[in-house]
Structures are given as C-alpha cells and as structure tokens.
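Engineer: sharing a model that was predicted from the sequence below.
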Amino acid sequence: MPKVTYTSAAGGVSVLEGSAGDSVMEIAVRNGLPGIVADCGGSLACSTCHVFVREEDLEGLASMGELEDEMLDGTAEERRPNSRLSCQLKLEEGDHLYVETPESQV
C-alpha cells in the first residue's frame, strides 16, 4: 500500500496510506489533511495543492508537464526547484513519498 509522509511548514508530520493510482492530493483531501486546499479538485486548474518533494524522491517521479510547470509560477508561496503540484503525483504500489506543505496555499 502506498504511503505519503506529509510535513507541514510548522513541522507537524502525518503519514497517510492510499491505494495505487491515488494522487498525493487525493490522499490528503480524503483524510482532511490541513495544508492542501485543492480548490480545483485535481483538474490542474489551480495551484492550491503545491508541495515540496523531498530531494531524494524527485528522480522517481513522472516528469513535470508543461501545464504543471506553468501553474507552479502562480503558487502562493514561492516556487522551489523541488516544487510540484500534488494532484500530479500519482502513487504506485509500494511507494513511500515524502512531501512538505507550504505555509500558505492561497
């Protein structure tokens, strides 16, 4: 079962499980995790599911698409090299991804 470890900007840590095919955003929203707003519900139409992916985990992720890249330019907190939209991070069986949520999404 895939897992995601979410660390908030304040340092709180939550480890949540999902199913293969779930996005990091879907798992957070389904479990009421603060820090991921997901206004558009995962349709890649906003940037309110912005996360910072742990550097070691970046290589194992699917490449960022052009639209996601553009959307990251409009995040509430400044974009970093490890910024991704959590709606675009789909998990596979056995994955354990580590992300940090920004201080603000809006």
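Structural biologist: Now that the structure is in, tell me what you want to look at. Numbering: from 1, shown residues only.
Engineer: poorly predicted segments of this protein, please.
Structural biologist: The chain contains no residues with pLDDT under 70.
Engineer: quick check: Ile106 vs Asp39, distance?
Structural biologist: Rather than Ile, residue 106 is Val. 8 Å (CB to CB, to the nearest Å). From N, CA and C alone the C-beta is placed, and that goes for glycine too.
Engineer: between these two, what contacts are shared?
Structural biologist: Thr48 (CB atoms under 8 Å, 6 or more residues apart in numbering).
Engineer: doesn't Ser14 fall inside a strand?
Structural biologist: Yes: assessed with DSSP: H, G, I helix; E, B strand; the rest coil, Ser14 lies in a strand.
Engineer: ok, back up a step: for Val106 and Asp39, indicate the residue with more neighbours.
Structural biologist: Under the criterion of other CB atoms under 10 Å, the comparison of Val106 against Asp39 puts Asp39 first, with 13 against 9.
Engineer: in which helix or strand would I find the more buried one?
Structural biologist: Secondary structure assignment for Asp39, by DSSP states H and E: no helix or strand.
Engineer: got the phi and psi for it?
Structural biologist: When read as degrees, to the nearest 10, the backbone of Asp39 gives phi -50, psi -40.
Engineer: how near is it to Cys46?
Structural biologist: Where Cys46 is concerned, Asp39 sits at a distance of 5 Å (CB to CB).
Engineer: can you give me the distance of Ala28 to Leu67?
Structural biologist: Taking CB to CB, one finds Ala28 at 21 Å from Leu67.
Engineer: helices of the protein, start to end?
Structural biologist: With DSSP state H as the criterion, the chain has helices at 24-30, 66-71.
Engineer: what would these look like in CSV with mean neighbour count and distance to Cys87?
Structural biologist: As requested, those are arranged in CSV below (neighbours: other CB atoms under 10 Å; distance: least, CB to CB, whole Å):
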stretch, mean neighbour count, distance to Cys87
helix 24-30, 22, 4
helix 66-71, 14, 9
